[in-house]
Every structure is written in structure tokens, then in C-alpha cells.
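Colleague: The following comprises the amino acid sequence and a computationally predicted model.
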Amino acid sequence: MATNKNYKYSVLTYNIGGYEKIHPILKKSENAEYIYVTDDETITSDDWKVIYIPKQIDGFQGCFNIRYNPFDYVTSDIVVKIDGSMTISGDLDRIVDGFIAGGYDCCVEAHPSRQNLYDEYVAWINQRGYSVQQAEKVCNFIQYCEGYDVKNHKGLYQYNFMIQRHNKMNLDWNRMTYALLKYLAPTDDGIDRLDQTIGSFVLNKYFNKSNVLVVDESICNGSFLTWYAHNSDRPLNVASTQTTPYLFNKEVLLWNPQEKIEL
């Protein structure tokens with residue numbers, strides 16, 4: 001993609017298969033571009049630059065193809081990836097400035113209530129109808145083929161918000177995660193819909209020397225981002241962190257973006 005402006009960062013979101021409702025940006029920055037990728041050509045926006053892609057047969061594959069190839073759609077070297085159920089409601093410059101000042105590779109959001117992969121699979125089975133057989137398949141591969149303790153290795157990150165820098169670490173992390181989502185899919189031509197467990201595993205095992213900034217779900221409480229129920233204008237009640245956050249199997253202090261940033 002070509003541009004006439006050198007943006008400090010990009011915000012990327014997507015809506016495939018009409019799964020979400022487009023939301024206006026409540027606070028924009030001249031330092032950012034705002035990219036909205038969709039396969040619905042009826043969607044227009046005065047806030048987002050809308051990029052249309054061909055209709056997708058599988059919504060999850062369409063979403064993940066964008067999520068794990070973000071730099072195919074943006075023009076800057078730093079991308080803030082948010083779910084289509086979210087919008088910008090505060091000063092993202094503050095977060096990105098802190099990210100840049102710290103020289104971080106990526107920024108991840110610690111899960112507010114779970115610390116390991118096993119507990120996340122149990123929650124998805126009980127709450128979202130995720131297949132027991134699929135959970136066993138993925139956990140067995142990670143546990144026995146990769147030597148990763150799915151119950152006791154701590155570090156679980158949500159994927160509704162993330163910042164990535166355009167560097168080898170992030171390109172490799174994205175490629176490896178997407179490849180495993182395809183390899184461990186329940187069908188030959190499908191993809192595993194639960195990506196944050198596999199993505200957390202890949203980051204913890206193969207990129208644990210990376211410089212990672214960790215925030216919690218309160219970043220979505222309206223101060224910076226607003227998170228809506230799927231395909232609605234109803235803001236969600238964002239959970240406070242209920243469990244000790246971990247990064248690479250070690251306790252980690254969460255960064256508070258409201259703190260003063262030394263540039």
C-alpha cells in the first residue's frame with residue numbers, strides 16, 4: 001500500500017461475514033491511519049478507510065488471514081490491532097508513545113481471569129460450545145509434541161487488542177500461529193477458531209526473549225477503547241483483573257497507560 005503521509009502508527013480492524021457492526025471513531029489522531037477491512041461492500045465510513053476484499057466462505061479464515069498478515073493492509077511499521085466489536089474512544093497516542101519509548105516488540109493484553117491454556121479450553125467448552133475432541137487434539141499436540149505444560153505454564157493473552165512492530169519477531173510469530181491454526185484445524189480445509197491459546201503458546205515458547213509490554217482488559221473500559229457486544233451498540237462491562245498476570249511463566253507488572261511517559 002502506498003501513502004502520501006508518514007503515519008506514526010496504524011489502527012487495523014475487520015468485519016467479515018457481517019459479524020460486527022461498524023462503530024464511529026470517537027477520538028482520532030493525526031498521527032494514525034484507521035483501516036477497516038471487510039467483505040461487505042455496503043459498508044462505508046467517514047472515519048475509517050474501508051478496504052474491501054472478496055467475499056469469504058469461512059468467516060474465521062477471513063478474519064485470521066487479516067489478523068496474521070496486518071502489514072499487508074497498513075502503511076506504518078506499528079499496528080494496533082483491535083476486534084471489529086471495538087472502537088477508539090480515547091488517546092491512543094499515549095499508548096503508542098509508551099510502546100515506542102520502551103522499544104517494545106509487541107503489546108499484549110493479559111487474560112483477566114485465567115493464566116494457562118488448559119483453563120481457557122475448559123472455559124470455551126463450557127461457555128462457547130467448543131469441541132472437547134478439538135481441545136484434546138490441540139492440547140495433546142502442544143503438550144506431547146512441543147513439550148509445553150498446558151496446565152502449569154502461565155501466560156495467556158487475549159487477542160481483541162494487540163500492538164505489533166513490523167519486525168522479524170512479529171512476522172515469524174504471526175506466521176507460526178497461523179500455520180498451527182491451519183495444521184490443527186478440525187477439518188482438512190478449515191482453521192481452528194480459538195487462536196489466542198495457540199498464539200499465547202507460540203509467543204511463550206518460541207519468542208520468550210522478546211521485549212513485550214503487558215496491559216490488562218481495563219484498556220477497553222472506554223478510556224482508550226470501547227468494547228461492544230457483538231453486532232450491537234451496547235458497551236460491554238469490562239472485567240477487572242482477577243488473577244495474577246504472567247508473561248513467559250513469570251509474574252509481570254501490568255503497565256498503566258495513564259501513568260506519565262518519559263520520552
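Modeller: Cool, the structure landed.
Colleague: so who does residue 198 touch?
Modeller: 138, 142, 177, 180-181, 184, 192 (C-beta atoms under 8 Å, 6 or more residues apart in numbering). (C-beta placed from N, C-alpha, C; glycine too.)
Colleague: where does the residue positioned nearest the centre of the chain land in three-state SS?
Modeller: With distances taken as C-alpha atoms, centre = their mean, the residue of the chain nearest its centroid is residue 159 (2.9 Å). At residue 159 the chain is in strand, as set by DSSP: H, G, I helix; E, B strand; the rest coil.
Colleague: For the stretch 101-250 of the chain, which segments count as helices?
Modeller: In the stretch 101-250 of the chain, the helices defined using DSSP state H, counting those that start in this stretch lie at 117-128, 132-140, 168-183, 195-206.
Colleague: Please report the distance of residue 223 from residue 91.
Modeller: 9 Å (C-beta to C-beta, to the nearest Å).
Colleague: quick one on the thing from earlier: can I get the helices of the stretch 101-250 of the chain in TSV with distance to residue 148 and mean pLDDT?
Modeller: Formatted as TSV, the helices of the stretch 101-250 of the chain follow (distance: least, C-beta to C-beta, whole Å; pLDDT from 0 to 100):
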stretch	distance to residue 148	mean pLDDT
helix 117-128	8	98
helix 132-140	10	98
helix 168-183	12	98
helix 195-206	6	98
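Colleague: closest one to residue 239 among the ones you listed?
Modeller: Closest approach to residue 239 among those (C-beta to C-beta): helix 117-128, 12.9 Å.
Colleague: That closest one - contacts with which helices or strands?
Modeller: Applying 3 or more C-beta pairs under 8 Å, 6 or more residues apart in numbering; DSSP states H and E, we find helix 117-128 packed against helix 132-140, helix 195-206.
Colleague: Nearest to residue 68, out of these?
Modeller: When those are compared (using C-beta to C-beta), the closest one is helix 195-206, at 8.4 Å.
Colleague: which of the residues in that closest one are buried?
Modeller: Going by neighbour count (16 or more other C-beta atoms under 10 Å), the buried part of helix 195-206 is 195-205.
Colleague: Stretch 106-116 now?
Modeller: Applying 16+ other C-beta under 10 Å to stretch 106-116 flags 106-112, 114-116 as buried.
Colleague: Could you save the helices and strands packed on helix 117-128 as TSV and add columns showing distance to residue 60?
Modeller: Formatted as TSV, the helices and strands packed on helix 117-128 follow (distance: least, C-beta to C-beta, whole Å):
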stretch	distance to residue 60
helix 132-140	13
helix 195-206	8
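Colleague: Of all those, which one is nearest residue 164?
Modeller: Closest of those to residue 164 is helix 195-206, at 11.1 Å (criterion: C-beta to C-beta).
Colleague: which parts of stretch 179-192 are buried?
Modeller: In stretch 179-192, counting by 16+ other C-beta under 10 Å, buried: 180-181, 184-185, 191-192.
Colleague: Low-confidence ranges, the protein, go.
Modeller: 1-5, 258-263 (pLDDT under 70).
Colleague: Kindly state which of the helices of the stretch 101-250 of the chain is positioned closest to residue 77.
Modeller: Of all the helices of the stretch 101-250 of the chain, it is helix 168-183 that lies closest to residue 77, at 10.2 Å by C-beta to C-beta.
Colleague: How about residues contacting that closest one?
Modeller: By C-beta under 8 Å, 6+ apart, the surrounding residues in contact with helix 168-183 are 64-65, 68-71, 105-106, 164, 191-192, 195, 198-199, 202-203, 206-207, 210.
Colleague: Kindly report the same for stretch 214-227.
Modeller: Defining contact as C-beta under 8 Å, 6+ apart, one finds that stretch 214-227 is touched by 23, 26, 82-83, 85-92, 94-95, 107-110, 112, 158, 160-161, 235-236, 238-241, 245, 247, 252-255, 257-258.
Colleague: Stretch 203-217: how far from the chain's middle?
Modeller: Centre-to-centre, stretch 203-217 and its host chain are 13 Å apart (C-alpha atoms, centre = their mean, to the nearest Å).
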